[in-house]
Structure formats: structure tokens, C-alpha cells
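# the sequence isn't on hand, but the structure is:
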């Protein structure tokens, strides 16, 4: 993408389902306080959805939690891909693809009672925004939507998406701390089950292959930590904001409470 070298259209990302007639989608953006590799792991883990997001995600029900089937069909330096589904159904209708550096997509094709094919996709663009921080752009959509979905305003779907990521926040933030504290590859920390963690293992093994070209990485068998540690935030913005919001309209009294809680300068709040 320079003035001297013309762009190569074949390298531009293309997501076929989003170009299909009648395809409609909802997009949301999230800033998250953990490493983008942990974010990708979480998005690659379909087994946790029924338990962690019971009834928050419309398709998630705790009683549906079960072993899954996985089949890896591609492995390259650019990523990997394969099929997955529920073990009890003995079918794998979902196709997942991870493509470097940070694109993950999950697609499904269904045939309705009229014999018509419908396509559904989840697209995740997961970018690092600093050590221990990530930026996520999400697009969910399909060629067929529930009639009920049309009754809800767009802000509802944005709010619900944020709620899903908040439900994972505590565990994933703790996982981020453990990885940095232990300073060992994930094979010494994780027990990757074939019935749930196949994509997680594939991702960390991919990091083993290409991690030497990254500023830092934690792979399945290898590790290279940042040469300069991240700056520690002594007063997380979210915590300060929550205290401030709980003391509306109290002027000087509010500022005094904040100063007692965080002795450092709060002039920028």
C-alpha cells in the first residue's frame, strides 16, 4: 500500500457471507483490559458460551453445555481453519477460520424447511492496543433474522454485546495476570481438552511458529516476554469513573472522596 508498489487486491480480506443478498449485520466495538491473544482464545472457545453467557446470548443455555467435536482442515503460517459441532449431534456444521494477524470468523450454513440455504457469520477483528490491552470490532449477521429482532432498537444489541464481554472480564483479566506472573508457555498452565479447547491449542501452537516475528508472545511451547514492562495503572479509569458516577452533583465533596481514595493528582478526571 505505497506509492511505489501498487496494492495487491488478492491480499485484501474478503468475507463472502457479508456480500450475500439479504445479509444484515450488527457491529459493535469494545476496548478490553487484557492481551489480544487472550481475547482471541476466548472467542475461539465455543464450549464456554452456554455456561458463561446463559440467556445473555440468545442462543446460550446452561443446560446445553456439552462436549464438542473438532476437525482441523488447514494449518499454515497464516493461521488455521476447521469444522466444529456438538458431539451428541455427530455433525460439524460450523466453520472457523483464524487468519493472521488478528482476524477470526465463524460461519454456519443452514437449510430451512423450504430447502433454502441461509448463512450466518460472526466476524472478529482483534487488535492489540498496548500491553495487556486489546481493541475488538465485532460483526454478527445473517441472511435470515428472527422477526423478534426487528422489534428491538439497535442500542439493545450493543448493550447486550457489552454485557457478554463483561461476563468474561473477571476471569480473563485474572488469566492475563497469571500468564505474565508465571512467565511460562501455556502447556505448563493449561489442560487443553480435545472436546472443548482444540482451537485454543491450535492458536498457541501457531504462536510457536510465528512468535519470533512479534514484539512478544506466549505460545504453547515457547515464550518471549516484552523487553519493557507495561506501565502500571494505579487508578484504573473504570474504577475512578464508577466512584465519580456514584457521587453525582456533590461538587467539592465528591472531589474530596476521590482524593482520599486516590492520593495522586485527579485533575484530569
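Sure, I can see it. Quick caveat: nothing in here was measured; it's all calculated off a predicted structure. Numbering: from 1, shown residues only.

# and the strands in the stretch 151-269 of the chain?
Assigned by DSSP state E, counting those that start in this stretch, the strands in the stretch 151-269 of the chain fall at 217-218, 223-224.

# as CSV, those strands with mean neighbour count and distance to residue 188 would be great.
To be clear about C-beta, it is placed using only N, CA and C from the backbone, and glycine gets the same treatment. Converted to CSV, the strands of the stretch 151-269 of the chain look like this (neighbours: other CB atoms under 10 Å; distance: least, CB to CB, whole Å):
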stretch, mean neighbour count, distance to residue 188
strand 217-218, 22, 11
strand 223-224, 16, 10
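
# mean pLDDT and distance to residue 210 added to those strands, as CSV?
Formatted as CSV, those follow (pLDDT from 0 to 100; distance: least, CB to CB, whole Å):
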stretch, mean pLDDT, distance to residue 210
strand 217-218, 93, 8
strand 223-224, 94, 11
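
# now those strands as JSON lines including distance to residue 128?
Shown next, in JSON lines, are these (distance: least, CB to CB, whole Å):
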{"stretch": "strand 217-218", "distance to residue 128": "11"}
{"stretch": "strand 223-224", "distance to residue 128": "15"}
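
# list the buried residues in the longest helix along the chain.
Identified as the longest helix of the chain according to DSSP state H is helix 154-182. Within helix 154-182, the residues scored as buried using 16 or more other CB atoms under 10 Å are 158, 160, 161, 164, 165, 168, 172, 175, 176, 179, 180.

# could I get those as TSV with distance to residue 17?
Shown next, in TSV, are those (distance: CB to CB, whole Å):
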residue	distance to residue 17
158	21
160	21
161	19
164	21
165	23
168	25
172	28
175	31
176	32
179	33
180	37
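
# so which of the strands of the stretch 151-269 of the chain gets nearest residue 91?
Closest to residue 91 of the strands of the stretch 151-269 of the chain is strand 217-218 (CB to CB; 33.7 Å).
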